[in-house]
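**Q** Turn this into a structure:
(one chain, ligands or ions: 1)
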Amino acid sequence: MLQSSIISVSPHLPQIHVGGGAFVSQLAWFSCGITSAVACKLAIESNPNTEIYYIEIKSAHPDNERFIKDCEKWYGQKINRIKSFKYSDQFDVIRKTRFINGPSGARCTKELKKNVRFDFENSLKPNLFNVDGSEFTHQIHGFEYKISEITRAIDYLMDFPYTNAKFPLIEKKLTKPNCAKMLIDAGISLPVMYILGYSNNNCIGCVKGGKGYWNKIRVDFPEVFWEMATLERIIGHSCINGCFLDELDPLDGFTPKPVLPSCSVVCEDIMPPQINLSKAKKVFYGQMSLNVSY
Ligand code: SF4
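**A** Residues are numbered from 1 along each chain as shown. From the prediction side, this is the model:
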């Protein structure tokens with residue numbers, strides 16, 4: 001069932017046919033972030049029959065194209081691209097839906113990433129025109145080795161068991177700084193957004209950012225700041241709780257390294273959060289594996 005999005009994908013790479021209509025290949029999600037980049041590399045090393053997918057959004061930093069090319073060389077294979085057919089970026093989502101975010105999360109994450117992923121998964125299911133189907137045996141995500149991410153991974157495994165998700169960074173105890181070092185050691189410059197001081201390579205002008213983030217965007221990308229400020233007034237809602245950007249004190253929360261939540265194909269999927277902190281701690285301290293049934 002194709003809904004709001006998709007699919008402009010380069011052709012699937014060759015898959016190993018093992019009989020009975022099943023294909024042994026896994027899908028790794030690449031986000032242009034440093035953790036997912038390393039997770040994709042580890043996925044290919046553990047199973048060369050891995051296909052990598054990236055969801056394009058127009059407001060990504062242009063340097064992402066350089067990073068994608070570098071990673072393709074590192075992987076020895078193409079990174080496939082999919083995108084929403086309905087919306088080009090967060091500005092487009094906000095303009096058309098007049099909605100920024102709410103208790104269930106950011107509307108742009110839902111439209112630009114989550115629904116694109118769901119539509120893509122649905123397109124892979126066997127149907128009249130695709131009788132063999134080409135569903136992947138596993139999906140690979142770049143959650144890093146820290147307790148909050150392990151908690152998310154456990155929740156994700158419970159909420160989406162059909163994806164048989166794997167989290168190679170958690171399995172190998174790799175943190176984001178470890179991943180940055182691996183990329184640099186491989187001769188790959190980190191995406192420019194990290195170099196500029198952002199903690200994640202989200203869209204430029206991410207609605208998940210707080211006052212300090214937006215004041216940094218005001219300095220680094222003034223045209224993006226004012227585009228969002230103008231849009232806020234048009235729809236009558238602000239992306240920072242209770243403060244329109246055109247009224248934001250330029251010094252409020254300003255920091256060269258603002259904290260910005262990551263945004264991935266699984267953001268806002270995990271609702272409501274499960275209470276898995278004790279399990280996450282056991283995984284963190286090596287007393288439990290993620291590869292058990294929860
Ligand atoms: S990175 Fe930010 S702006 Fe982009 S889709 Fe995610 S929440 Fe929206």
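
**Q** So which bits of this structure are right by the ligand?
**A** Neighbours of the ligand within the chain, by Cβ under 6 Å from any ligand atom: 57, 90, 106, 108-109, 112-113, 202-203, 206-208, 263. Heads up, the C-betas are built off the backbone N, CA and C, glycines and all.

**Q** Could you point out which residue ranges in the stretch 1-150 of the chain have low pLDDT?
**A** Filtered on pLDDT under 70, the stretch 1-150 of the chain yields the residue ranges 1-24, 127-134.

**Q** That one: strands as residue ranges?
**A** Per DSSP state E, counting those that start in this stretch, the stretch 1-150 of the chain carries strands over the ranges 16-17, 23-24, 26-30, 50-55, 79-82, 101-102, 105-106, 138-140.

**Q** So which of those is nearest residue 120?
**A** strand 79-82 (5.5 Å; Cβ to Cβ).

**Q** by contact count, what packs against that closest one?
**A** strand 50-55, helix 63-75 (3 or more Cβ pairs under 8 Å, 6 or more residues apart in numbering; DSSP states H and E).

**Q** same thing but at 10 Å, please
**A** Strand 79-82 makes packing contacts with strand 26-30, strand 50-55, helix 63-75, helix 115-124 when contacts are defined by 3 or more Cβ pairs under 10 Å, 6 or more residues apart in numbering; DSSP states H and E.

**Q** sorry, back to before: can you list the strands of the stretch 1-150 of the chain in CSV and add mean neighbour count?
**A** CSV is the format used below for the strands of the stretch 1-150 of the chain (neighbours: other Cβ atoms under 10 Å):
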stretch, mean neighbour count
strand 16-17, 12
strand 23-24, 16
strand 26-30, 24
strand 50-55, 23
strand 79-82, 18
strand 101-102, 14
strand 105-106, 22
strand 138-140, 23
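
**Q** how about a markdown table for those, with distance to residue 146 added?
**A** Below are these laid out as a markdown table (distance: least, Cβ to Cβ, whole Å):
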| stretch | distance to residue 146 |
| --- | --- |
| strand 16-17 | 34 |
| strand 23-24 | 31 |
| strand 26-30 | 19 |
| strand 50-55 | 24 |
| strand 79-82 | 26 |
| strand 101-102 | 24 |
| strand 105-106 | 21 |
| strand 138-140 | 18 |
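
**Q** Without its sequence neighbours, what residue ends up closest to residue 143?
**A** Spatial nearest neighbour of residue 143, excluding adjacent residues (Cβ to Cβ, 6 or more residues apart in numbering): residue 149 at 4.3 Å.
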